[in-house]
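Undergrad: the following block contains a protein sequence and its predicted model.
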Amino acid sequence: MYAVLNHLRVKKVLPLVPGQLRFTDEVHKPPPPNAKFVGRPIISGNGSPTEPISEFVDYFLLPIVLRQTTYVKDTNHILTLLRTMKLPANVLLATMDVVSMYTNTPQDEALDICQAAYEQTPQGLYDIPKISSASLRNLIELILTRNCFEFNNQFFKQKIDRAMGSQASPEICDIVMHKLETSIILAEPKIIKWLRYRDDILVLFEGSKDDLTAMVDRMNMKHPILKFTAEISDTEVTYLDLTIFKGNSFRQNGILDTKVYTKPTETFQYLDRLSAHPQATFNGFIKGEVLRYSRLCNNEADFLDKRISFTEKLLLRNYDREEVETASCMVKHGHQTTILHDTCRDAENRDIPVVIQDFWTVCECIRS
């Protein structure tokens, strides 16, 4: 691999930059025995030989993901969905996690499933002609099997699964997961709604807790490697940055309530008012945060509580109370309809990938 990189560098096709392995601390998770911390491994593909290939592949895979009926684009999307669903009083709430989805998705299975899904995707979803499914499969294989990286001044090659940090990795995993979850949904008639953002799943279930627990057990027998953990409640769950619960709206209309979820490890280290930033930066930050509270809280009391708490935290960061009130005074809870909008990556507004002149030469060099 390193001879290939040097060859490409000499030809001035690519810089000699392998992927870089880093770890992000997950401070909200307790470390396992004999470990100091829990870390999420990220291999940054910026500047690596497979970066343009991954960008090219992602262009063709993303429309497949956006068509999935279970896929959640972002918090705004799930709020829109929840506020249009009238549910029975006995509905159970569950959040599930796919255990190490990125590193547990088998490569051969990913190749087969992505190729099959791509073959069923119409040309109309793309602004450029589709490449052949065999070519796409070969490119995905390059991304998965030629993932070399540097850590602590040593070089390694990832032999199994895929790395977080490659642009196409989320889409590859999403497509594999969609096939698995579709088989689960078809086999479990008590599922009212199944929504997933990457490896985080929200399930609305009509049945008993024993029924739902038994379903999770059956789910974990579906695949030899991909497994699920679940938290079940008949009152409230946390999902993304939301607390979803049965409040006034649910009791009156059968529509679930939502409010802002804050992790217990949050230290509220907001931008210090004494830092050297223009006034517009402080005003925009305050207004944006209060807008988020208005969007996520469907009950005005929850919105006001969160806004008051936010103001108190800002006072500890050297802000003036009057300044905070002035910056956020235009945000009202009743404006939810106008501020709730979709901010996801839209398949219709994506940039067409730029393919360098020696793109296919690069692919063949990396393969060799």
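TA: Great, that's in hand.
Undergrad: how about the contacts made by residue 230?
TA: Counting by CB atoms under 8 Å, 6 or more residues apart in numbering, residue 230 touches 94, 95, 96, 97, 203, 212, 213, 216. (C-beta placed from N, C-alpha, C; glycine too.)
Undergrad: out of the residues you listed, which is most surrounded?
TA: For those, the largest number of neighbours (other CB atoms under 10 Å) sits with residue 203, at 26 neighbours.
Undergrad: and the strands in this protein?
TA: Using DSSP state E, the strands of the chain run over residues 19-25, 39-44, 91-98, 148-151, 154-157, 191-197, 200-206, 228-233, 236-239, 242-245, 257-260.
Undergrad: and the gap between the most centrally placed residue in the chain and residue 225?
TA: Centroid check for the chain by CA atoms, centre = their mean gives residue 198 as the closest residue, at 4.6 Å. Counting by CB to CB, to the nearest Å, the gap from residue 198 to residue 225 is 17 Å.
Undergrad: next one: residue 294
TA: Applying CB to CB, the value for residue 294 to residue 225 is 42 Å.
Undergrad: please say which of these two ends up with more neighbours.
TA: Here residue 294 and residue 225 are compared on neighbour count by other CB under 10 Å; more neighbours surround residue 294, at 22 against 12.
Undergrad: quick check: end-to-end length of stretch 217-234?
TA: 19 Å (CA to CA, to the nearest Å).
Undergrad: please read the previous query as pertaining to stretch 96-111.
TA: This stretch, stretch 96-111, spans 25 Å end to end (CA to CA).
Undergrad: then stretch 204-214?
TA: Using CA to CA, first and last residues of stretch 204-214 are 15 Å apart.
Undergrad: next one: stretch 32-52
TA: Stretch 32-52 has an end-to-end distance of 37 Å (criterion: CA to CA).
Undergrad: buried sites along that stretch?
TA: Going by neighbour count (16 or more other CB atoms under 10 Å), the buried part of stretch 32-52 is 41, 42, 43, 44, 45, 48, 49, 50, 51, 52.
Undergrad: just stretch 319-339 next, same as before
TA: So for stretch 319-339, counting by 16+ other CB under 10 Å, buried means 319, 324, 327, 328, 331, 333, 336.
Undergrad: so what's the fifth one up against?
TA: Counting by CB under 8 Å, 6+ apart, residue 331 touches 287, 290, 291, 294.
Undergrad: cool, and the fourth one?
TA: Residue 328 is in contact with 286, 287, 290, 307, counting by CB under 8 Å, 6+ apart.
Undergrad: nearest spatial neighbour of it, skipping sequence neighbours?
TA: Nearest residue to residue 328, sequence neighbours excluded (CB to CB, 6 or more residues apart in numbering): residue 290, at 4.2 Å.
Undergrad: one more: residue 25?
TA: residue 37 (5.5 Å).
Undergrad: what about that neighbour, distance to residue 266?
TA: In terms of CB to CB, residue 37 sits 18 Å off from residue 266.
Undergrad: where in this structure is pLDDT low?
TA: Scanning the chain with the threshold set as pLDDT under 70 gives 1-16, 28, 159-165, 334-368.
Undergrad: where do the helices sit along it?
TA: Using DSSP state H, the helices found in the chain span residues 2-10, 51-66, 75-82, 101-104, 107-119, 133-145, 169-187, 209-219, 248-253, 279-296, 300-315, 321-328, 336-339, 359-367.
Undergrad: ranking these by burial, who's on top?
TA: By mean neighbour count, with neighbours taken as mean count of other CB atoms under 10 Å, helix 51-66 ranks first of the helices of the chain at a mean of 21.
Undergrad: got the angle between that helix and helix 169-187?
TA: Counting by axes from the mean of the first three to the mean of the last three CA atoms, to 10 degrees, helix 51-66 points 20 degrees away from the direction of helix 169-187.
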